[in-house]
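Asks: Provided below for reference: sequence and predicted model.
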Amino acid sequence: MSRIGANALWPTPVFPAESKHRYNASTFDRVDPLLGGDAALVELLERAHARGMHLVGDLTPNHSDDTHDWFRAAQADPDSIEAGFYRFRHHPDDYWSWPGEPTLPTFDHRSPSCADGCGRGRTRTWPAGYEGRRRSTVGASTSRT
């Protein structure tokens, strides 16, 4: 890539997921082992920097997969902290999701527990060296029904 003049890499999300594109993360705690795990991401950063290139991370802060640790905890216990991350019409199976995609429950960014939990300390700490982050459709979960 550097030979053709590119100066940045922007991989799709790196978290474990059921799809190839990984926009339906099942956790935000680690890099998918199919991609080589956390060590492979650190190596990618190091090799990119050695070539004078930057790396931009990709995160979907508007939804998770219905297999995500947080969503499973939210469904299991309506009084859990994680239940406040999502918006339920009727707990546990009727919830707001990405339009037409019931497997993508959306985060309720109006909720203080979501703001505290999703935004601070509950998502993966990006390794040193990321020069930027792309946040996919931030706020979409509060503007759609």
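Replies: Perfect, I can see it now.

Asks: C-alpha only now, for contacts and for neighbours.
Replies: Will do.

Asks: just the pLDDT for H68.
Replies: Confidence at H68, expressed as pLDDT, is 93.

Asks: how near is the nearest residue to it once chain neighbours are set aside to A39?
Replies: The shortest distance from H68 to any residue other than its chain neighbours is 3.7 Å, reached at S26 (Cα to Cα, 6 or more residues apart in numbering). S26 is 19 Å from A39, where distance means Cα to Cα, to the nearest Å.

Asks: of the two, which one has the most company?
Replies: Counted by other Cα atoms under 10 Å, S26 and A39 do not tie: S26 has more neighbours, with 21 against 12.

Asks: quick one: contacts for the more buried one?
Replies: By Cα atoms under 8 Å, 6 or more residues apart in numbering, the residues touching S26 are 15-18, 64-69.

Asks: do that again at 6 Å, thanks
Replies: Taking Cα atoms under 6 Å, 6 or more residues apart in numbering, we find S26 in contact with 16-17, 65, 67-68.

Asks: in the protein, mark out all the helices, start to finish.
Replies: 37-50, 69-76, 112-119, 140-143 (DSSP state H).

Asks: quick one: which of the ones you listed is nearest G129?
Replies: helix 37-50 (6.5 Å; Cα to Cα).

Asks: how about that closest one: buried residues?
Replies: By 16 or more other Cα atoms under 10 Å, the buried positions in helix 37-50 come out as 38, 41-42, 45-46, 48-49.

Asks: and for stretch 20-30?
Replies: Using 16+ other Cα under 10 Å as the test for burial, stretch 20-30 gives 22-29.

Asks: now distance to R3 and pLDDT too, for those residues, in TSV please.
Replies: Shown next, in TSV, are these (distance: Cα to Cα, whole Å; pLDDT from 0 to 100):
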residue	distance to R3	pLDDT
R22	28	88
Y23	29	87
N24	32	91
A25	32	89
S26	35	91
T27	35	88
F28	33	84
D29	33	84
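
Asks: follow-up on the earlier one: mind putting the helices of the chain into CSV with distance to A8?
Replies: Compiled in CSV, these are given as follows (distance: least, Cα to Cα, whole Å):
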stretch, distance to A8
helix 37-50, 8
helix 69-76, 32
helix 112-119, 26
helix 140-143, 27
